[in-house]
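In: Got a sequence here, can you build the structure:
(chains A and B)
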Number of protein chains: 2
Amino acid sequence: MSFDNEKSSRVTAIETMIKNYIPKEEGYQKTVFEAMNYSLMAGGKRLRPMLMEETFLLFDGKDRDFLDPFMAAIEMIHTYSLVHDDLPAMDNDEYRRGRKTTHVVYGEAMAILAGDGLLNYAFETAAKAFDAISDTDSENEQLIQYKRVAKAMKILSQKAGIYGMIGGQVVDVEEYDGIIDRDRLDFIYQLKTAALVEASMMIGAVLAGATETEVGQIEKIAGGIGLAFQIKDDILDVTSTEEVLGKPIHSDEKNQKTTYVSIMGINEAEKEVVKISEEAVRIYDALPYQNEYLRALILQLIYREK
Amino acid sequence: MSFDNEKSSRVTAIETMIKNYIPKEEGYQKTVFEAMNYSLMAGGKRLRPMLMEETFLLFDGKDRDFLDPFMAAIEMIHTYSLVHDDLPAMDNDEYRRGRKTTHVVYGEAMAILAGDGLLNYAFETAAKAFDAISDTDSENEQLIQYKRVAKAMKILSQKAGIYGMIGGQVVDVEEYDGIIDRDRLDFIYQLKTAALVEASMMIGAVLAGATETEVGQIEKIAGGIGLAFQIKDDILDVTSTEEVLGKPIHSDEKNQKTTYVSIMGINEAEKEVVKISEEAVRIYDALPYQNEYLRALILQLIYREK
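Out: Predicted structure coming up:
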């Protein structure tokens, strides 16, 4: 099977799995369930759950009952951040991936609550992993599982929160007030984009039983991927076409956004992507484990043309 | 010490404790920390952490290292719900407890992010309870603690979420579209108000080591308190004065809100409060444990005049 076919079959499997965790659209609060599911099932690359799963497999993880709730949870967190990001008070976007955004369809109040609902439900869903711990296992075995799930919960909440994704969004929202330098831009990219990539891969590793040192290496790899991915985004916004990208180009210039390209130019930005990526791949290749699909996925993310 | 003095010293102790968990106002994302702390430290009754603590003491709970993170977390969740509730797209309130609301001070985008930040940080803070489990304890003892904290995390996420508080808010937001009957109103009150009271008391019980049956009884007591509290709110909005209440009266009528009073009149609503309260107190008194302060607090909540 080609890489693209393999990827698309994985996306399908992830979406089928996530559907097991979404709320049934019934009851008095039906509308919020609909709004949550509308945004959660709006397509997308499913990159974060995919990276989590592949890292879990890299470390030879076996029991999917611990993994699935966290895969669903990370996608819920990613989705809520988009729903709130699109709100009139934030980016005021009416379309995302060719579909009307949640607040356009369900109204602003419901979009705020649907975002809150997705964020809260992410933790509710992740906590279901505790239910997969069997009372009939030995105390020692149960304790190992409790420690892994608790560690995964900690990573999820930290990387998604005010010292992670939300922290990055805050600075991004504020950035229009003045000139931002490289240090501030790195902070935004590392928190807004890379933190959730780090969470995805670290949680996959933790749930599979990776050592603390290994989880630290995965964090570095994921941080590099996230940062390179975001810089690549800056570059494609200038060098690509609307046809290839599937969204308007030159949007950063139009929105007067400071980017890697505006700070250092396209050539130097390209060099940064290569430098950061090569370092990430170097750490990855030094790991004594192999997952060819994950390696190909990482390379595709970094060297993508759209 | 009088009950009121005792209560006020407990509020002070709770606020001092919560301050240990709030983010330091430094770093690039400083503004969101300020906005979070502005709303979290805006006063308030601190009722939910207080009920959690007193239920913990009722069941003779000993180790506060497990309790404190959850007390802080439940107050963060309550606070985020107020911040988002006050937003222009929701209730559009400019003042709360005599202070300007978060979005008035920090802008709408920052208020949305501060609310998201508080919600996420609540789970991040609660997860710190796992750190209080000591590696040097016996495996059996550690396992007991992991089970308690995991159970508390589950309760927190469920009662705050789409089948709890958020679920109630959604129906409350939607209610203006039509006439609502008693069943729908009960749903709103049980979810919007009672669910978080249930979470508070249940978590206190769980962390203290209460049995499943006991936690079930606590859930009933708390549900009754929450519902009676909310119906009492409806009544006071009609029967009290602005001086006593410290906020405008007749606000429900002005906002065309369906309430217990509008559905069944003041007398019947009063009878409901008594009926629900007496049942809650009856279950409480049947428990083989005693906490005089908690009992007095429950009675004060139900029979309050403001």
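In: residue contacts, residue A:35?
Out: By Cβ atoms under 8 Å, 6 or more residues apart in numbering or on different chains, the contact set of residue A:35 is A:102, A:105-106, A:110-111, A:113-114, A:117. The C-beta positions use only the backbone N, C-alpha and C, and glycine is treated the same way.
In: residues near the residue nearest to it when sequence neighbours are not counted, how many?
Out: Leaving out its chain neighbours, the residue that sits closest to residue A:35 by Cβ to Cβ, 6 or more residues apart in numbering or on different chains is residue A:114, at 3.7 Å. The number of residues packed near residue A:114 is 31, by other Cβ atoms under 10 Å in any protein chain shown.
In: Let me have the contacts of residue A:35 in JSON lines, extended by distance to residue B:48, pLDDT and secondary structure.
Out: Shown next, in JSON lines, are the contacts of residue A:35 (distance: Cβ to Cβ, whole Å; pLDDT from 0 to 100; DSSP: H, G, I helix; E, B strand; the rest coil):
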{"residue": "A:102", "distance to residue B:48": "29", "pLDDT": "97", "secondary structure": "helix"}
{"residue": "A:105", "distance to residue B:48": "34", "pLDDT": "97", "secondary structure": "helix"}
{"residue": "A:106", "distance to residue B:48": "29", "pLDDT": "97", "secondary structure": "helix"}
{"residue": "A:110", "distance to residue B:48": "26", "pLDDT": "97", "secondary structure": "helix"}
{"residue": "A:111", "distance to residue B:48": "27", "pLDDT": "98", "secondary structure": "helix"}
{"residue": "A:113", "distance to residue B:48": "20", "pLDDT": "98", "secondary structure": "helix"}
{"residue": "A:114", "distance to residue B:48": "24", "pLDDT": "98", "secondary structure": "helix"}
{"residue": "A:117", "distance to residue B:48": "20", "pLDDT": "98", "secondary structure": "helix"}
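In: Just flag the most distant two among the residues you listed.
Out: By the measure Cβ to Cβ, A:105 and A:117 form the most distant pair in the contacts of residue A:35, at 15.1 Å.
In: Which of those two has more residues huddled nearby?
Out: Of the pair residue A:105 and residue A:117, residue A:117 is the one with more neighbours under other Cβ under 10 Å, namely 28 against 14.
In: Spit out the contact partners of the more buried one.
Out: A:32, A:35-36, A:80, B:161-162, B:166, B:170.
In: Ok, residue A:3 next?
Out: By Cβ under 8 Å, 6+ apart, the contact set of residue A:3 is A:293, A:296, A:300.
In: of these, buried ones?
Out: Neighbour-count burial (16 or more other Cβ atoms under 10 Å in any protein chain shown) applied to these gives residue A:293.
In: out of the contacts of residue A:3, who's nearest chain B?
Out: Nearest to chain B among those is residue A:300, at 30.2 Å by Cβ to the nearest Cβ.
In: counting contacts, what elements does whatever helix or strand the closest one lives in pack onto?
Out: Element membership for residue A:300, per DSSP states H and E: helix A:292-303. Secondary-structure packing of helix A:292-303 (3 or more Cβ pairs under 8 Å, 6 or more residues apart in numbering or on different chains; DSSP states H and E): helix A:3-19, helix A:47-58, helix A:212-239, helix A:260-286.
In: Rank the helices and strands of chain A by mean pLDDT and give me the bottom one.
Out: When the helices and strands of chain A are scored by mean pLDDT, DSSP states H and E, helix A:242-245 comes last with a mean of 82.
In: Skip the chain neighbours and tell me the closest residue to residue A:237.
Out: Excluding its sequence neighbours, the residue lying closest to residue A:237 (Cβ to Cβ, 6+ apart) is residue A:252, at 5.0 Å.
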